[in-house]
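Peer 1: this one's structure only:
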């Protein structure tokens, strides 16, 4: 029982790192694919580069420190740095150019919750303005839940050979 919270944080941190790592590959790639087909004149996201590697390293470090020593001021500052790095990385993928297609836009929203959630948990550690479970929900429901839903709906269509576009039912479950 004494290590249950540590195990919970390690589990959540692992899922969040997977979103940062895998999402960092699929979100800009799916964005490039969609833009090439539907908006070829729009500037596309660049392939991953050293900035992406650095942002990923900052995010991994912040998550590892949070899992090991939560509630400490240096941990909060690491989370703030990780959240900022994730959001700058996301902005480089040009998600606003995909708003015509909810299926692609939802991937950006899910990744965005990673950055927002890290910022909220970090800011809450410094300023203590919300109950800790409330800010944790930004990471669990926001990032993990949204990204899971976005990837599942896209993969389902792709693996069945259907057109990669959000229909009315998919848009409804996204809450658009």
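Peer 2: Arrived safely, thanks for sending. These numbers come from a predicted model, not from an experiment. Residues are numbered from 1 along each chain as shown.
Peer 1: give the contact list for the residue nearest in space to the middle of the chain.
Peer 2: Most central in the chain under C-alpha atoms, centre = their mean is residue 111, positioned 2.2 Å from the mean C-alpha point. Contact analysis of residue 111 by C-beta atoms under 8 Å, 6 or more residues apart in numbering lists 19, 23, 24, 27, 86, 90, 93, 143, 147. Just so you know, the C-beta spots here come from the backbone N, C-alpha and C atoms, and that holds for glycine as well.
Peer 1: now do residue 31
Peer 2: If you count contacts by C-beta under 8 Å, 6+ apart, residue 31 has them with 44, 45, 93, 94, 95, 97, 98, 104, 107, 108.
Peer 1: which SS class is residue 164?
Peer 2: Taking DSSP: H, G, I helix; E, B strand; the rest coil as the rule, one finds residue 164 in the coil state.
Peer 1: buried residues in the longest helix seen in the chain?
Peer 2: Determined from DSSP state H, the single longest helix within the chain is helix 4-38. Neighbour-count burial for helix 4-38, counted by 16 or more other C-beta atoms under 10 Å, picks out 9-10, 12-13, 15-17, 19-20, 23-24, 26-28, 30-32, 34-35.
Peer 1: show the average pLDDT along that helix.
Peer 2: Averaging pLDDT along helix 4-38 gives 95.
Peer 1: the helices in this structure, which residues?
Peer 2: 4-38, 50-68, 73-91, 102-127, 132-137, 146-160, 168-174.
Peer 1: got a list of contacts for the shortest one?
Peer 2: Taking C-beta under 8 Å, 6+ apart as the criterion, the residues outside helix 132-137 that touch it are 12, 117, 120, 121, 124.
Peer 1: nearest to residue 55, of those?
Peer 2: Distance to residue 55 across those (C-beta to C-beta) is lowest for residue 117, with 15.3 Å.
Peer 1: residue contacts, that closest one?
Peer 2: 16, 83, 135, 136, 138, 139, 142, 143.
Peer 1: relative to residue 162, how far out is residue 104?
Peer 2: Applying C-beta to C-beta, to the nearest Å, the value for residue 104 to residue 162 is 15 Å.
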